[in-house]
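**Student:** My questions concern the predicted model and sequence given below.
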Amino acid sequence: MRIDDRIGDDETVSNLPTLPSIAAGSIDVEVDPEAGGRIAQITADGVALLVGRDQVDAHPLAWGAYPMVPWAGRIRAGRFEFRGETYELPRNHDGHAMHGVGFTVAWTVTAHTERRLDLRLDLPRDVTWPFGGTALQTFEVDDDALTCAMSVTADDRAFPVSFGWHPWFRKPQRLEFHPTRMYRRDGDHITVDELIEVPGGPWDDCFVNEQSVTLRIDGVDVTLESALTDWVVYDEPPGATCVEPQTGPPDAFNIRPVVVEPGASLTASFRLTAQRPS
């Protein structure tokens, strides 16, 4: 079964624990630290914006808004070279390593106030990720907006890093997205280091984008803004659209690697504003 085939199922998940939440003005955000440090739901003016876990039988790839860390998107065949050595990561989707390790493990809550929640993850040093390191997430709300920030820090070993966020928005009535170019995909559905003109959708692609992105969901305009310029849009499923700001394209370790040296960090953020049009 394809992941997107599950969207819209009527299955429910019972006996769910109470999740930590933050709220301000018309926006309320529930976070599930145990389920990969993800946002479980964002509610704005009474409208749920995300596909909930009860709609997809809790499949970890297909609900909420989860962190993709320490890599975002697919790593081709789970394999990459770094400083003269070849590394192989477990393949978890169609023969490739996808979306990192952060979305499948529990994160630790390090601070929680009415408007802010901080999470920490000590990255593994094993077959799933051999380098260790630390990932931090911060969620903060103010009136009609949510700001999400993430950083990755290397400990005693340098490593390549690429991270981002994977929100599963309920299918919008409108999507306003104006990228300038798109990364070409090859026959294996993997991004290559070549930019092409943007074709018509639907998409499951990475784009160069320097403008805000707006979705209208049940009368609420949801606008995403970030200094990041690599964005994946996946709008093929009939019940959802994913808009994913990332620090690099899929397969970044092979085509456009960014390295954090011991003690150094990479930090990025995006802001989500949700308002009813006046």
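**Tutor:** In hand now; what should we look at? Computed from a prediction, not measured in an experiment: that's the story for all the values here. Numbers count the residues shown, from 1 in each chain.

**Student:** which residues make contact with the longest strand along the chain from outside it?
**Tutor:** Taking DSSP state E as the criterion, the chain has its longest strand at strand 265-275. For strand 265-275, contacts defined as CB atoms under 8 Å, 6 or more residues apart in numbering pick out 26-27, 42, 44-45, 47, 49, 144-154, 161, 163-165, 220-228, 245, 247, 258, 260. C-betas here are computed from N, CA, C, even on glycine.

**Student:** all helices for this structure, in order.
**Tutor:** 252-255 (DSSP state H).

**Student:** and Pro160, how far is that from Trp129?
**Tutor:** Separation of Pro160 from Trp129 (CB to CB, to the nearest Å): 11 Å.

**Student:** The longest strand of the chain pairs with which strands, and in what direction?
**Tutor:** Partners of strand 265-275 in the sheet, by DSSP bridges, are strand 145-153 (antiparallel), strand 220-225 (antiparallel).

**Student:** would a markdown table of those with mean pLDDT and distance to Arg181 be doable?
**Tutor:** What follows is those, written out as a markdown table (pLDDT from 0 to 100; distance: least, CB to CB, whole Å):
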| stretch | mean pLDDT | distance to Arg181 |
| --- | --- | --- |
| strand 145-153 | 98 | 25 |
| strand 220-225 | 98 | 19 |
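
**Student:** of those, which approaches Pro124 most closely?
**Tutor:** strand 145-153 (13.3 Å; CB to CB).

**Student:** Just the C-alphas of that closest one, formatted as CSV.
**Tutor:** Provided in CSV are the C-alpha atoms of strand 145-153 (Å, rounded to 0.1, in the frame of the first residue of the first chain):
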residue,chain,number,x,y,z
ALA,A,145,1.5,32.3,14.2
LEU,A,146,3.7,29.4,15.0
THR,A,147,7.5,29.6,14.7
CYS,A,148,9.4,26.3,14.4
ALA,A,149,13.2,26.2,14.7
MET,A,150,15.6,23.3,14.6
SER,A,151,19.4,23.0,15.0
VAL,A,152,21.8,20.1,14.6
THR,A,153,25.2,20.1,16.5
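
**Student:** How about residues contacting that strand?
**Tutor:** So strand 145-153 is in contact with 27, 29, 39, 42, 65, 67, 69-70, 123, 133-141, 161, 163, 165, 260, 263-274, going by CB under 8 Å, 6+ apart.

**Student:** Could you list the buried residues of it?
**Tutor:** Ala145, Leu146, Thr147, Cys148, Met150, Ser151, Val152, Thr153 (16 or more other CB atoms under 10 Å).

**Student:** Include distance to Asn209 when you put these into TSV, please.
**Tutor:** Shown next, in TSV, are these (distance: CB to CB, whole Å):
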residue	distance to Asn209
Ala145	19
Leu146	20
Thr147	19
Cys148	17
Met150	19
Ser151	22
Val152	22
Thr153	27
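
**Student:** Are any of the contacts of strand 265-275 buried, and if so which?
**Tutor:** 26-27, 42, 44, 47, 49, 144-148, 150-154, 161, 163-165, 220-226, 228, 245, 247, 260.

**Student:** Show the low-confidence segments of the stretch 151-278 of the chain, by residue range.
**Tutor:** Within the stretch 151-278 of the chain, no range satisfies pLDDT under 70.
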